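> Structure of the sequence below:
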Amino acid sequence: MPNYKEKQIEGFIEDLKNIAREQGITVRFEKGDFKGGFCILKASKMIVINKNSDIKRKAITLIRALKEIGLDRSVYVNPKLQQFIEDFEYENTDN
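I've put the predicted structure just below:
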């Protein structure tokens with residue numbers, strides 16, 4: 001797996017957040033004793049990510065939540081972001 005720099009991961013997280021917004025999904029970063037994921041709150045689709053997680057875990061949580069929701073196939077995902085998603089989709093975050 002490629003070694004991504006923190007700044008690159010931050011950029012990919014921004015891209016993923018934009019994709020979520022385009023689909024009407026709110027992405028929030030909150031403190032708490034949880035890993036994060038997808039939920040529906042009062043009919044609003046939302047992805048909640050633990051603010052205290054490291055950057056890699058935030059990215060993985062966002063990727064998995066978007067996969068769980070299932071994105072519209074018409075959404076464009078640039079090749080670098082697609083590769084990043086494929087690299088991290090099955091990454092173990094239990095460590």
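
> The residue positioned nearest the centre of the chain and Lys42, how far apart?
With distances taken as CA atoms, centre = their mean, the chain has Leu62 as the residue nearest its mean C-alpha position (1.6 Å). In this structure, Leu62 lies at 22 Å from Lys42, with CB to CB, to the nearest Å as the measure. Heads up, the C-betas are built off the backbone N, CA and C, glycines and all.

> Cys39: what secondary structure?
Secondary structure of Cys39, reduced to three states by DSSP: H, G, I helix; E, B strand; the rest coil: strand.

> Which parts of the chain are strands?
Taking DSSP state E to define them, one finds strands in the chain at 26-30, 36-41, 44-50.

> other SSEs contacting the second one?
Same thing as strand 36-41. Here strand 36-41 is seen to pack against strand 44-50, helix 55-69 when contacts are counted using 3 or more CB pairs under 8 Å, 6 or more residues apart in numbering; DSSP states H and E.

> Just want the angle from the first one to strand 26-30.
With axes from the mean of the first three to the mean of the last three CA atoms, to 10 degrees defining the directions, strand 44-50 sits at 30 degrees from strand 26-30.
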